[in-house]
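S.K.: Give me a model of this one.
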Amino acid sequence: MALRFLVLVVAACSACATSGDLERVRADLKALEQRVESGDRDLAKASSEAKDQLQKLREATEQATRLLERNTADAGLQITRTQTELAALQGRVDEISHQLEEIQRQLATARTIDNRPVAQALPADADSLFAEGQRAIEAGRFDDARKMLRSFTETYAKDRRAADAQYLLGESYARQGKHAPAIGEYQKVIDRYARSPVLEDAMFKIGLSFLELKYCGDARTFLSETLKRYPHGKHERAIRTKLQELERNARNKRFCASS
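M.R.: From the prediction side, this is the model:
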């Protein structure tokens, strides 16, 4: 609008202005036109840069979203504390639920026969406690086994079999198909007994438990790390077979709920 007004002014005054004045007006007009053209170019450049930044922001947002949607496959051996504590907590809830059911059963029996039953005492010494825990697992009495093995790890924490007892706690859940709490118990072997001979077994079993849960990325991480640490270990052949199986079924949603 300003440019049009200036052109009209120049046209109206051209008859009364001197040649010098007219040249100055024309020079001013040309300079103004150049500034407008430069402003248009700057605006177009700024607009283009803003569009580029917006596109980059969108791409970064999409990438962040994809990363958030992924499971902990890239987390390596360091399972998040929330995940491991949740798995362990789930196991404790399972035990408490069983104990509550047992108490309710005992109360019902007591009311029926008018005689409160006496709870079975745990073995008093370490050898008997550990042995009874093992026998309970083999007999499928998993709740009893956990009660004894947990008592062993708490009472005899310095015993050379404490790591084995902790590993067996994981086994008690895995054999029941309760793989989330099994992972929590196996992870405690890694956290507390890093020099134990059962560390290899615990790492391997975490990989298998993740595989059972269809968390293929986590399964691959633990199986690969176990193979890396124990390249000629007792689980080498089984790990290589599982890794090949994971490779074949990576895109199979029925096999891998999360890759």
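S.K.: going forward, measure contacts between C-alpha atoms and count neighbours the same way
M.R.: Will do.
S.K.: quick one: the strands in the stretch 151-259 of the chain?
M.R.: Counting by DSSP state E, counting those that start in this stretch, the stretch 151-259 of the chain has no strands at all.
S.K.: where in it is pLDDT low?
M.R.: Counting by pLDDT under 70, the stretch 151-259 of the chain contains no low-confidence range.
S.K.: Surely Y215 is in contact with K253?
M.R.: No - here Y215 lies out of contact with K253, judged by CA atoms under 8 Å, at a distance of 10.5 Å.
S.K.: Looking at those two, which has the bigger crowd around it?
M.R.: The residue with more neighbours, out of Y215 and K253, is Y215; 21 against 11, by other CA atoms under 10 Å.
S.K.: And the more buried one, how far from A145?
M.R.: 28 Å (CA to CA, to the nearest Å).
S.K.: This structure: helices as residue ranges?
M.R.: Here the chain has its helices, by DSSP state H, at 2-13, 19-69, 81-113, 126-138, 142-155, 162-174, 179-192, 199-212, 216-229, 236-248.
S.K.: ok and the fourth one relative to helix 142-155, angle-wise?
M.R.: What separates the directions of helix 126-138 and helix 142-155 is an angle of 150 degrees, with axes from the mean of the first three to the mean of the last three CA atoms, to 10 degrees.
S.K.: helices and strands around helix 126-138, which ones?
M.R.: helix 142-155, helix 162-174 (3 or more CA pairs under 8 Å, 6 or more residues apart in numbering; DSSP states H and E).
S.K.: okay but T153 is in contact with R160, surely?
M.R.: No - counting by CA under 8 Å, R160 is not a contact partner of T153; they are 10.4 Å apart.
S.K.: Noted, bye for now.
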